[in-house]
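Peer 1: Would you be able to build a 3D model of this:
(2 chains)
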Number of protein chains: 2
Amino acid sequence: MPQLDLLALGNAIVDVIAHTEDDFLVSRKLQKGSMNLIDEATALDIYEAMGPATIISGGSAANTVVGAASLGLRAGFIGKVRNDEAGDHYRHDMRATGVAFDSTSAEDGPATARSFILVTPDGERTMNTYLGACQGLGTADVDAEVVRSAKIVYLEGYLWDPPAAKDAFRKAVEIAHGAGNLVSLTLSDSFCVDRFRDEFLDLMRGGHIDILFANIHELKALYQTADENAALDALRNEKLPHEHFLAAITRSEEGAMVVTRGSTQTVKAHPVERVVDTTGAGDLFAAGFLSGLVKGLDHATCARLGGMAASEVISHLGARPQADLADMARQNGIL
Amino acid sequence: MPQLDLLALGNAIVDVIAHTEDDFLVSRKLQKGSMNLIDEATALDIYEAMGPATIISGGSAANTVVGAASLGLRAGFIGKVRNDEAGDHYRHDMRATGVAFDSTSAEDGPATARSFILVTPDGERTMNTYLGACQGLGTADVDAEVVRSAKIVYLEGYLWDPPAAKDAFRKAVEIAHGAGNLVSLTLSDSFCVDRFRDEFLDLMRGGHIDILFANIHELKALYQTADENAALDALRNEKLPHEHFLAAITRSEEGAMVVTRGSTQTVKAHPVERVVDTTGAGDLFAAGFLSGLVKGLDHATCARLGGMAASEVISHLGARPQADLADMARQNGIL
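Peer 2: Residues are numbered from 1 along each chain as shown, chains lettered A, B, ... in the order given. Next up, the predicted model:
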């Protein structure tokens, strides 16, 4: 069993991305910036109505491990696709980026998951996700030996949506902590937080999470407040059992904050020439931050590395990096 | 039958695009900038070896009609896909751009065509094309009524590669000219010209082509000379039966030339900030140029519109425009 730096468990989703005008979102009553779960009929309906689309492998936690691999980490992924054209391409892409991906493909049942992503002229993305084969992800996909081999296990809040994945999530957490490894969670999306707030808080308060990722909207949703500072105070006032708990809170162009029991550090955003598509910004922030942690960098530098990775991914269509992030980090004097 | 401004006949190809280093081309003995025809086994081999890939509908003449539709033309396409995931997505993309595409999908036989496109850091693309279902394109796909309805029929030299498509090509030419419409040909690729030089020259000299598109390399290949001026002179000295024959010759960042029996005009290239991927540059030049002709613009303005459309498509990955080209033309004072 090769040693991994980072292992992610997440929904394996193919992104189908089209540029669109704001009117289209309004006519479909879609809230800009949100992730909406849709059934197969709605998926077909949106696909029919949307413009010409670029197909790029995605999935939140998967994007993160791909970014981490680009930064030189030994990375692995657990997720479920079907053995269809999209699923085979998804597997190709994971392996082509050097990410270990050995989860079996479903041989029947729903198709590989798709997220129909509408990108408005401001670069904001609105996601409409048909979970398809992700619904087949379960505890059988969590190989204990692989989990034990990974310094950090990274989990997405979106795993609460498919029925069996939260059990896979819990199994991975138990094995990772049993082996003395770290567990990281991203809150994923503020609507996702609304769906599963109590369970996410229980995970944190039960000591199951060592490193939390959230954007400020998700943090406000977690603590049910419209006030940024109130949300941050609530986080700081958590009586968390782990003294080493840390949270990285992103605030788009306002940069990021690293919150620990004793301190709050603020790091500026990395400059970006033109925002083309914000899909994957949070995923790549986590990729950079976790890569920094594995490399033993201080928290502020981890956040800078996260910001840099995020800036690359929002400068083009799709949530997977197109540049060599390690090269980019060296050019920016971060690595 | 609705009236069309432009109808293209071409290979319906899904592009599978990956960034790569020059070393990869060298190790595979691929000539940078070329289009190589590959069999299924080689396709699988290249796909396995290439990096994570973005999937975008392509095909040379198809890219041209999509560009023309973005410039406001009523456009149609004739080409052959299979009824697989890639083929269905291809059809979606054509229709989503407003291009009429009613060719039936093959229900068996080879898969929808793929071009595995390797983009090097300089933005140059090297294409490896598995023709798949395109081999099923034939005269039965050429609906006489549709061809008669189109002011210009646009054909790609690549149609000489699949076995039956050249018959479809010839049928379309005969119907178009029978109806008094214009016929346009792109020479496609200098290797393609090497394969079919005599037939392309016969088409021109037989009066079957009214508007010729070629880049300077293709023109040099056509007249078997390494000298640009000798190639241009050879073109000007053609005793073509059509007095209205015109050729648009592109020269990358050096702009374009419009050659008629009586004149040669030179037009500067449209500025482009950063070349990301040159795939589709020639296709979109043709889109702009033909759109200008349909709109009754003079040749120099047609070439400027072509240059503008090409500049848009090389500024991002993939050979289909991501911006509204008509808007862009208005902002640039061309329309």
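
Peer 1: Please list the residues of chain A that sit near chain B.
Peer 2: Contacts of chain A with chain B, taken as C-beta under 8 Å from any C-beta of the partner chain, map to A:18-19, A:47-48, A:50-57, A:66, A:84-86, A:89, A:92-93, A:96-97, A:316-318, A:320, A:322. Using the backbone N, CA and C atoms, a C-beta is placed for each residue, glycine as well.

Peer 1: Can you classify A:Glu253 as helix, strand or coil?
Peer 2: With DSSP: H, G, I helix; E, B strand; the rest coil as the basis, A:Glu253 sits in helix.

Peer 1: I'd assumed A:Ala269 was in contact with it.
Peer 2: Yes: A:Glu253 lies in contact with A:Ala269 (C-beta atoms under 8 Å); the separation is 5.1 Å.

Peer 1: Of those two, give the one with the bigger neighbour count.
Peer 2: For A:Glu253 versus A:Ala269, neighbours defined as other C-beta atoms under 10 Å in any protein chain shown are more numerous around A:Ala269 (19 against 10).

Peer 1: isn't the more buried one right up against A:Gly307?
Peer 2: Yes: between A:Ala269 and A:Gly307 a contact is recorded at 5.4 Å, counting by C-beta under 8 Å.

Peer 1: which neighbours do these two share?
Peer 2: A:Gly255, A:Ala256 (C-beta atoms under 8 Å, 6 or more residues apart in numbering or on different chains).

Peer 1: Which residue, other than its chain neighbours, is closest to the most centrally placed residue in chain A?
Peer 2: What sits nearest the mean C-alpha location of chain A, by C-alpha atoms, centre = their mean, is A:Ser60, with 3.3 Å. Distance criterion C-beta to C-beta, 6 or more residues apart in numbering or on different chains; nearest residue to A:Ser60, sequence neighbours excluded, is A:Glu156 at 4.7 Å.

Peer 1: what about that neighbour, neighbour count?
Peer 2: Per other C-beta under 10 Å, the neighbour tally for A:Glu156 reads 31.

Peer 1: Who are the contact partners of it?
Peer 2: Neighbours of A:Glu156 in contact, by C-beta under 8 Å, 6+ apart: A:Ala8, A:Leu9, A:Gly10, A:Asn11, A:Ser60, A:Ala61, A:Leu185, A:Thr186, A:Ser188.

Peer 1: most neighbours, which of these?
Peer 2: Busiest of the contacts of A:Glu156 [other C-beta under 10 Å] is A:Ala8, holding 34 neighbours.

Peer 1: Regarding A:Gly262, what is its secondary structure?
Peer 2: At A:Gly262, secondary structure determined by three-state DSSP is coil.

Peer 1: Dihedrals phi and psi, the residue nearest to A:Ser60?
Peer 2: Dihedral pair for A:Glu156: phi -100, psi 140, per degrees, to the nearest 10.

Peer 1: Run through the bridge partners of it.
Peer 2: Beta-bridge partners recorded for A:Glu156 (DSSP bridges): A:Thr186.

Peer 1: That one and A:Asp141: what is the separation?
Peer 2: From A:Glu156 across to A:Asp141, the span is 15 Å (C-beta to C-beta, to the nearest Å).

Peer 1: mind listing the helices for chain A?
Peer 2: A:22-27, A:40-49, A:60-70, A:85-96, A:144-148, A:165-178, A:190-205, A:216-222, A:228-236, A:281-294, A:299-313, A:325-331 (DSSP state H).

Peer 1: Can you show me the CA trace of stretch A:241-256 as CSV?
Peer 2: The C-alpha trace of stretch A:241-256 is given here as CSV (Å, rounded to 0.1, in the frame of the first residue of the first chain):
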residue,chain,number,x,y,z
PRO,A,241,-12.6,18.8,22.0
HIS,A,242,-9.6,19.0,19.7
GLU,A,243,-7.2,21.7,20.8
HIS,A,244,-5.6,21.6,17.3
PHE,A,245,-8.9,22.3,15.5
LEU,A,246,-8.5,24.9,12.8
ALA,A,247,-11.0,26.4,10.3
ALA,A,248,-10.1,28.1,7.0
ILE,A,249,-12.9,30.6,6.1
THR,A,250,-12.9,32.0,2.6
ARG,A,251,-14.4,35.3,1.6
SER,A,252,-14.0,35.5,-2.2
GLU,A,253,-12.1,38.6,-3.3
GLU,A,254,-11.7,39.6,0.4
GLY,A,255,-9.3,36.7,1.0
ALA,A,256,-9.4,34.1,3.7
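
Peer 1: For that stretch, give me every contacting residue.
Peer 2: By C-beta under 8 Å, 6+ apart, stretch A:241-256 touches A:204-207, A:209-216, A:219, A:232, A:235, A:238, A:257-261, A:266-269, A:281-282, A:285-286, A:289, A:299, A:302-303, A:306-307, A:310.

Peer 1: are any of these buried, and which?
Peer 2: Buried members of these, scored by 16 or more other C-beta atoms under 10 Å in any protein chain shown, are A:204, A:209-216, A:219, A:232, A:235, A:238, A:257-259, A:267, A:269, A:281-282, A:285-286, A:289, A:299, A:302-303, A:306-307, A:310.

Peer 1: For stretch A:225-232, list every residue counted as buried.
Peer 2: Residues A:Glu228, A:Ala231, A:Leu232 are the ones in stretch A:225-232 that count as buried (16+ other C-beta under 10 Å).

Peer 1: Could you count how many residues lie near A:His217?
Peer 2: Other residues close to A:His217 by other C-beta under 10 Å number 20.

Peer 1: any idea how far chain B is from it?
Peer 2: With the distance defined as C-beta to the nearest C-beta, to the nearest Å, A:His217 ends up 28 Å from chain B.
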